[in-house]
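[1] only geometry, no sequence info:
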């Protein structure tokens, strides 16, 4: 029984580490509000559409709880998303794209997003298509511009 527990722990531990590798983090010296404002502007300047900005800390406050600053920007560009959905309509489950800005326990502020190649890895034809690299490049450029 102990061997089974250790094996399960090892397997799940590896899975958690692998899942963490799917999330790309970009550090910034800006506040969460400032970096999200910069990201929203960069997204708009790139011709993408902002669909929503979710303030998780404000939501927590409404129910009498507190978390450090934490926001998510949801955005997309049909020029990137549509080709992915033409290949496999299930790509729409992972679109539009999302970037989170949050303050960690040490007071550092990060932008974080899931690598689209990893997000859509179950959609073989989408994962292999050039559109994934375009999404990856767009997310890297947008987060770098916002963080800088």
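    Thanks, I have the structure now. Bear in mind the structure is a predicted one, so any value in this text is a computation, not a measurement.

[2] now the residue nearest the centre of the chain, nearest residue through space, not along the chain?
    Compute the mean C-alpha point of the chain, and by CA atoms, centre = their mean the closest residue is residue 113, 2.1 Å away. Beyond its immediate neighbours in the sequence, the residue positioned closest to residue 113 (CB to CB, 6 or more residues apart in numbering) is residue 99, lying 4.6 Å away. Every C-beta, even on glycine, is put in place using the N, C-alpha and C of the backbone.

[3] and the one you found, that's in a helix?
    No - assessed with DSSP: H, G, I helix; E, B strand; the rest coil, residue 99 is strand; it does not lie in a helix.

[4] OK, contacts around it?
    39, 72, 73, 75, 111, 112, 113, 139, 142, 143 (CB atoms under 8 Å, 6 or more residues apart in numbering).

[5] now the helices: where do they sit in the protein?
    In the chain, the helices defined using DSSP state H lie at 2-21, 32-45, 56-62, 78-87, 116-119, 124-128, 130-147.

[6] would you list those in a markdown table and tack on mean neighbour count and mean pLDDT?
    Below are the helices of the chain laid out as a markdown table (neighbours: other CB atoms under 10 Å; pLDDT from 0 to 100):
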| stretch | mean neighbour count | mean pLDDT |
| --- | --- | --- |
| helix 2-21 | 9 | 41 |
| helix 32-45 | 18 | 98 |
| helix 56-62 | 13 | 96 |
| helix 78-87 | 17 | 95 |
| helix 116-119 | 19 | 93 |
| helix 124-128 | 15 | 90 |
| helix 130-147 | 18 | 96 |
